[in-house]
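Trainee: Okay, sequence plus prediction incoming.
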Amino acid sequence: MGGLQSVLILATGFGLAMASPARAQDDPAMAALAVFKTHCARCHQEDQLVERKKPAGGFGYILNLEAVARNPEYIQAGNPSASQVYTRITNGSMPKDMDFATVFGPSGDETKAIAAWIDSLSEAASSAVASRSFIDDETIVRTMADDLETLSDFDRPRVRYFTLTHLHNSGDTDEELEIYRQALAKLLNSLSTESGIVVPEPIDEAKTIFRADITDLGWDEALWKTIEAANPYFVDYDTPLMQFLQTETYSTVPFVRADWFAFAASQPPLYYDILDLPDSKAKLETKLGIDVQRNQASLKIARAGFQQSGVSRNNRMIERHSLSTGAFWESFDFSGNKERQSFFLFPLGPQQAFRAFSDEFGFVHDGGEIIFSLPNGLQGYYLTDDKGARLDTGPTKIVQDPSRRDQAVTNGISCMSCHDQGMQMKEDQVRDYALAHLAFPKEVRDIIEEIFPTKEEMTELMQEDRARFVGALEAAGVDPTLKLAGEEIVSALFLRFERDLTMLQAAAELGLDAESFRERLNMGSAETFALKQRLEFNLVPRDQFVELFAGLVNEITDNHATDLRDKQVALAAEATKKPASTKRFDLALYPNETEFRVGSALTFSVKAEVDCFLTLINVDERKRTTVLFPNKFNQNNKISAGRTYTVPGAEIGGFAFKFQDPGKETVIGKCNASRNEMRGIEHDFDQSAFTSFGSYDEYVSRALAPRRQIIVTEASGDQDADRTTDPDPHVDIIAEQGVVLDVKP
């Protein structure tokens, strides 16, 4: 390791000059709240949404600063560059609805106000955790074994357990835990093929462990083995009590985590397996005992069409059939609104229906959603293409789910989220238009009058189906109006599982408190030490932690874990996995040292999810900024996806980092997947080996300025103002991560 010794300059004391919004110096929270209200509430505040029915990304409480600050996925106290609320604004991906003329993102001063508020926050132990007794894995197993012992020999093989205990241990609030309990009840009944309602029975005082008889859901041992085979979290506790559970239930995995189950069972392929959904619409109709084409030909259907839908990007038509268990609803969705995609011009599709009239007046749709009543009154869901083949997800050009990270409508979970109280109440826009349109022959208008009920008649049908659904929820002990910050409750539990993990949350998933987990990681291998370092400073993405889980259990606990997932299936899924979000990819950045002292050397580990160009920036307490890398001695800043680099190190070397003064240092990593430069930074290595400039906040303002100028310029030109969710070519794809270091003398 040779070359330049780059000194991390540090100033004692703390000061932050705030230009606007007003009074930011006096109250950072007030200033941040004003920015969030102006730029974010229309998508992320439940009672202030604009042109949407539910919050984007499942995040609907941006104006509740206490709740936002408590969620580590959004805010890392004292560290804006590790906080998504800040970094997704500075990288240009938020607000998502920015357009060429009317909607701008926050200015540099407004962004500065958000950073000041995050800087003003301090780490605090969760009051919920502090007030609760930790429930360890031994207690969980003993509680289930004691409960099982109270049951008859006949009942024991039919029993399985679902746990929320790790969420209790990791600090989720009492309100959240109650929502998750009801979400479990709703989910289980949404996966039932029986007519009865199942109410999961809590068996512990904290109500974190629930018993259910799987035969009451229509499940059997073979189906449970399918669920077992999807589980990455199986821990075989080598105790007589665990063996008792396994023996008496005839199950290797007698209990599963409720949040994982919500994530896995509410989407394909497990959703199909549990409800035994076939691979085509025709087979589904046969299974449900319905003849759609005969009903259409005999006009025994009820239709409504409308231009605005909660998920469809274009017009949508819905069609109702009577079913022995209630109703069968099918939607006809379109990738556009022109020619045969307009049911106002062609109201009698699809073209195989209504005999000869469909040839001339039939629409051509591109896919659809099916909602059918389950025997217990809840609903099953199914997505199809234009030919009736089953789809796992709907094409985003046709339908979108704003609560999902990839925006894709996913069979099962997206439908549950949207239809939280059953059928959406919609007013038909086709009947009155078509009956008054004399260009349609009388025979066509007669058909339309028959199959498009009056608004009052359609409302009555929808209310009937909605009442059936709501009644089933209430019978399961579920409050039909209950939501978590605007998000439907099963979706809330699903999203809870998707969250990136903190040290406390990762520890709870291994049945450990945070301090014990930290100590064991310290004593483990280089890999566990690296995980500890990352968790000390950042979060670990859920998908990465899932892959690490079994190995962690086996290395740092006395238990044995096995990832039961079929590896070939997992590899096939990975091969077809979509690329990282156009605005988000994971960047790991953490120091390799545990103590930071004046004069000591500093190295970082860096790993990116995609190929990108890395920039490391140092910001001292007075916001003075130095670009550590690239520099005069090493200007090649491209790093490859999936590789861990040491900076400075063998590959990225030629310089060294050392601390000069004690105090607080922030090191920010930015990795640009779009270009080899970072907007707002210009290097001149002939003049200076390391690029330095003034305030970091001023740099952020410079980086944001080009986007705003481009929007203004194009708004005044002849650009098409019809924006989509496609990537904005003027916004780079950047991942950002920051670490805050406390340097001792």
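Mentor: Alright, I've got the coordinates. Numbers count the residues shown, from 1 in each chain.
Trainee: contacts, neighbours, all on C-alpha from now
Mentor: Fine.
Trainee: now residue 684, nearest residue through space, not along the chain?
Mentor: Using CA to CA, 6 or more residues apart in numbering and skipping residues adjacent in sequence, the residue nearest residue 684 is residue 691, 7.3 Å away.
Trainee: For the one you found, give me its contacts.
Mentor: Listed by CA atoms under 8 Å, 6 or more residues apart in numbering, the contact set of residue 691 reads 626-628, 631, 682-685.
Trainee: And those, which of them are buried?
Mentor: Among the contacts of residue 691, those classed as buried by 16 or more other CA atoms under 10 Å are 626-628, 631, 683.
Trainee: CSV for these, including distance to residue 209, pLDDT and secondary structure?
Mentor: What follows is the buried ones among the contacts of residue 691, written out as CSV (distance: CA to CA, whole Å; pLDDT from 0 to 100; DSSP: H, G, I helix; E, B strand; the rest coil):
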residue, distance to residue 209, pLDDT, secondary structure
626, 52, 92, strand
627, 51, 94, strand
628, 50, 93, strand
631, 55, 93, strand
683, 58, 93, coil
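Trainee: ok, those residues vs residue 527, which is closest?
Mentor: The shortest approach to residue 527 among the buried ones among the contacts of residue 691 belongs to residue 628, at 26.0 Å (CA to CA).
Trainee: That closest one touches residue 617, doesn't it?
Mentor: Yes. Here residue 628 reaches residue 617: they are 5.5 Å apart, a contact under CA atoms under 8 Å.
Trainee: Let's verify the closest residue to residue 182 other than its chain neighbours: helix, strand, or coil?
Mentor: Take residue 182 and drop its neighbours on the chain: the residue closest to it by CA to CA, 6+ apart is residue 478, 5.4 Å away. Here residue 478 is recorded as coil under DSSP: H, G, I helix; E, B strand; the rest coil.
Trainee: if I pick residue 478, what's in contact with it?
Mentor: Shown in contact with residue 478 (CA under 8 Å, 6+ apart): 182-183, 185-186.
Trainee: As JSON lines, those residues with pLDDT would be great.
Mentor: Shown next, in JSON lines, are those (pLDDT from 0 to 100):
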{"residue": "182", "pLDDT": "98"}
{"residue": "183", "pLDDT": "98"}
{"residue": "185", "pLDDT": "98"}
{"residue": "186", "pLDDT": "98"}
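Trainee: Buried ones among these?
Mentor: Applying a neighbour-count criterion of 16+ other CA under 10 Å, the buried members of the contacts of residue 478 are 182-183, 185-186.
Trainee: Filter the residues you listed down to the ones in helices?
Mentor: Taking DSSP state H, the ones among those that sit in helices are 182-183, 185-186.
Trainee: quick one: which of these is nearest to residue 412?
Mentor: When these are compared for distance to residue 412 (CA to CA), residue 186 comes out closest, at 12.7 Å.
Trainee: my read: the closest one touches residue 473, true?
Mentor: Yes. The pair residue 186 and residue 473 qualifies as a contact (CA under 8 Å) at a distance of 6.7 Å.
Trainee: Return the set of buried residues in the helix or strand containing residue 179.
Mentor: Element membership of residue 179 [criterion: DSSP states H and E] is helix 174-190. For helix 174-190, burial by neighbour count (16+ other CA under 10 Å) applies to 176-177, 179-190.
Trainee: what does stretch 326-339 give?
Mentor: For stretch 326-339, the buried set under the neighbour-count rule, 16+ other CA under 10 Å, comprises 326-336.
Trainee: Show me the residues you listed that map onto strands.
Mentor: 326-333 (DSSP state E).
Trainee: nearest to residue 378, of those residues?
Mentor: Of these, the one sitting nearest to residue 378 (CA to CA) turns out to be residue 326, at 9.7 Å.
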